[in-house]
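>>> below: sequence and its predicted model.
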Amino acid sequence: MLNLNHFKRWQSLFIVAICFGVNACGSGSVSNTNASTTTPSNTVIVPIPQSIVRETPVMLRTEGTRWVRPDGSQKILKGVNLGNWLMQEFWMMGQGSNGIDDQCKLEAVLDQRFGYAERERLYRLFRQNWMRTRDWDLIAQFGLNVVRLPFIWSVVEDEKNPRSLRADAWNYLDDAISQAEQRGMHVILDLHGAVGSQGWEHHSGCAGKNLYWTSAEYQERTIWLWQQVAGRYKNRAAVAGYSLLNEPWGAGPEVMAKEMKRLYQAVRAVDMNHVIILPGHFSGIDAYGKPAEQGMQNVAFEIHPYPGFFGWGQPSLQVHKDWLQCGGLGLTGNTGVCEWNSRLKNLNTALLIGEFQAW
């Protein structure tokens, strides 16, 4: 899924487009090519009005490697992340200097300067204006039919009263689901930042913390949070699925897989309807085994491929051809999307490409 922030600003990396179920071979190995870096264009992209047939969102499920409607017909989803709205990532704001580079630091500075009540008011102003009717209309005009909604735990849970809902706990999630529903779109609810932070990086909310994995309290509060979310939306067809934790890489893959199975069971105790999305580790998804053999049904794996970045070679045409065409020359290969196609067929499990860059 691409990131909506770039519908607004058209800069930097794009993240996230969704692809559910890899049905055709693509990319090849990601080489460390020295080809020159592609310079992104600053041209503003204007959506071309389309004659789009919109359907009322129906409860989706996974069947093998496919996302399907209740009648068994395949639903191809393509969409965008609503980045930076309910979870700040400072690269999207063109900031990160002066020591304020994650949401926790920003909240602390606002508390120090203005007090908690004013911080809350400022956040309300930000959130009420980051996503407006025009933004939802633009998403629809691009012909997209799903949004991934990253949120931090404190959007739902009262940070001053653990295991208690905020007075406005459902305002933003409810509104997002309603806005999407009105336009024939689905929503994926993505817990991007868990209490305690599930990784070391800024996009877990608090950089340098990674306390989730060593705190039974934080893990139990996350179970509580997901059960509140699942209880509210268990019958809401416009919700495509629950993405349990974004990039939970603060622990090893085996520990991650064990905890995700526990979260899966907690959600299933409340909601038997929705797809549950299991995050990949940066080392892959092998630690899960075959979901059906682990007692997990109606699930999908999630990966975030960034060929050309973060050690996956350099941004270049060849790197992207390798990823999408299994070697870049149209040759049969077993890397890139071809590798994932084979892997998912063997696991008999669907896929969400939750994030990727556009060049």
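Great, that's in hand.

>>> doesn't residue 346 make contact with residue 64?
No - with contact defined as C-beta atoms under 8 Å, residue 64 does not reach residue 346; the gap is 11.3 Å. C-betas here are computed from N, CA, C, even on glycine.

>>> which element follows the worst-scoring helix or strand of the chain on mean pLDDT toward the C-terminus?
With mean pLDDT, DSSP states H and E as the measure, the helix or strand of the chain carrying the lowest mean pLDDT is helix 5-9 (a mean of 44). Per DSSP states H and E, helix 5-9 leads on to strand 61-63 as the next helix or strand towards the C-terminus.

>>> show me the contact partners of that following strand.
67-68, 70, 72, 273, 275, 298-300, 349-350 (C-beta atoms under 8 Å, 6 or more residues apart in numbering).

>>> out of residue 64 and residue 346, which sits in the busier spot?
Here residue 64 and residue 346 are set side by side on neighbour count (other C-beta atoms under 10 Å), and the busier one is residue 64, at 13 against 10.

>>> leaving out chain neighbours, which residue sits closest to that one?
residue 348 (5.2 Å; C-beta to C-beta, 6 or more residues apart in numbering).

>>> hmm, that neighbour is touching residue 296, no?
No - taking contacts as C-beta under 8 Å, residue 348 lies outside contact range of residue 296: 11.6 Å.

>>> which one's more surrounded, these two?
Neighbour tally, residue 348 and residue 296, criterion other C-beta under 10 Å: the higher count belongs to residue 296, 19 against 14.

>>> tell me if I'm right that the more buried one and residue 264 touch.
Yes - Residue 296 is within contact range of residue 264, at 5.6 Å (criterion: C-beta under 8 Å).

>>> which residues are common contacts for those two?
Taking C-beta under 8 Å, 6+ apart as the contact definition, residue 296 and residue 264 share the neighbouring residues 276, 278.

>>> show me where the chain has its helices.
Taking DSSP state H as the test, the helices found in the chain are 5-9, 103-114, 116-130, 133-141, 171-182, 216-233, 253-268, 317-325, 336-347.

>>> redo these as CSV? Include distance to residue 279.
CSV is the format used below for these (distance: least, C-beta to C-beta, whole Å):
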stretch, distance to residue 279
helix 5-9, 21
helix 103-114, 20
helix 116-130, 25
helix 133-141, 24
helix 171-182, 20
helix 216-233, 13
helix 253-268, 7
helix 317-325, 20
helix 336-347, 15
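
>>> rewinding a little: looking at the contacts of strand 61-63, which two lie furthest apart in space?
In the contacts of strand 61-63, the most distant members under the criterion C-beta to C-beta are 70 and 349, with 19.6 Å between them.

>>> compare these two and say which is more crowded by neighbours.
The residue with more neighbours, out of residue 70 and residue 349, is residue 349; 22 against 10, by other C-beta under 10 Å.

>>> and the closest residue to that one other than its chain neighbours, what does it touch?
Computed as C-beta to C-beta, 6+ apart, the closest residue to residue 349 that is not its neighbour in sequence is residue 291, at 5.4 Å. Residue 291 makes contact with 278, 297, 299, 347, 349 under the criterion C-beta under 8 Å, 6+ apart.

>>> most surrounded residue in these?
Each of those was scored for neighbours by other C-beta under 10 Å, and residue 278 scores highest at 24 neighbours.

>>> gap between it and residue 315?
Counting by C-beta to C-beta, to the nearest Å, the gap between residue 278 and residue 315 amounts to 29 Å.

>>> ok, the nearest residue to residue 75 once chain neighbours are set aside - how many residues close by?
Beyond its immediate neighbours in the sequence, the residue positioned closest to residue 75 (C-beta to C-beta, 6+ apart) is residue 67, lying 5.0 Å away. A count of neighbours around residue 67, defined by other C-beta under 10 Å, yields 24.

>>> mind checking how far the residue nearest to residue 64 is from residue 357?
Spatial separation of residue 348 from residue 357 under the definition C-beta to C-beta is 29 Å.

>>> number of nearby residues for residue 206?
Burial measure for residue 206: 22 neighbouring residues, criterion other C-beta under 10 Å.

>>> let me see the contact set for the closest residue to it other than its chain neighbours.
The shortest distance from residue 206 to any non-neighbouring residue, by C-beta to C-beta, 6+ apart, is to residue 104 (3.8 Å). Contacts for residue 104 were tallied using C-beta under 8 Å, 6+ apart; they are 205-207, 209.

>>> low-confidence bits of the stretch 201-350 of the chain, can you list those?
327-334 (pLDDT under 70).

>>> repeat the analysis, applying 90 as the threshold.
Low-confidence segments of the stretch 201-350 of the chain, defined by pLDDT under 90, span residues 283, 305-340.

>>> again, but for the stretch 51-200 of the chain
51-55, 90-101.

>>> so which of the helices of the chain gets nearest residue 311?
Judging those by C-beta to C-beta, what sits closest to residue 311 is helix 317-325, at 11.7 Å.
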